[in-house]
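> kindly generate the corresponding structure for this input.
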Amino acid sequence: MRQVQVSGREADDPRLLAAQAKLAELAAALDTHADEVHSIDSCRQAVARIDEELREPTPDGRRLAETLEMLSLALGSAASLTSLADSLRSAIQALLG
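Numbers count the residues shown, from 1 in each chain. The predicted structure is shown next:
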């Protein structure tokens with residue numbers, strides 16, 4: 001199982017905590033459903049990039065949007081994971097305002 005730790009902004013920012021929780025949930029689900037996605041390596045790379053960006057004091061919204069799009073393509077049609085990715089996207093959009 002992979003662990004994702006996210007830091008950056010203020011640790012108690014509820015929007016950051018929500019994005020962290022969704023990212024961790026998606027990372028765990030990827031391990032469980034690896035055989036259902038189009039490209040597990042691309043999925044893991046996207047999760048790592050999102051993790052890295054969320055560690056920044058000011059996350060780059062454009063980079064996050066591009067990485068979320070890459071993640072969506074890599075997931076393919078894995079419905080349970082697509083739903084989690086959509087939740088992550090919503091949490092990141094809330095974080096960025």
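> contacting residues for Arg49?
Contacts for Arg49 were tallied using Cβ atoms under 8 Å, 6 or more residues apart in numbering; they are Arg63, Thr67, Met70. For glycine as for every other residue, the C-beta is placed from the backbone atoms N, C-alpha and C.
> which SSE is it in?
helix 40-55 (DSSP states H and E).
> distance between that helix and the chain's centre?
The chain centroid and the centroid of helix 40-55 are separated by 7 Å under Cα atoms, centre = their mean, to the nearest Å.
> who touches the closest residue to Ser39 other than its chain neighbours in this structure?
Nearest residue to Ser39 in three dimensions, chain neighbours excluded: Ala74, at 4.5 Å (Cβ to Cβ, 6 or more residues apart in numbering). Neighbouring residues of Ala74 by Cβ under 8 Å, 6+ apart: Val37, His38, Ser39, Ile40, Ser42, Cys43, Gln45, Ala46.
> just say helix, strand or coil for Ser77.
When classified by DSSP: H, G, I helix; E, B strand; the rest coil, Ser77 comes out as coil.
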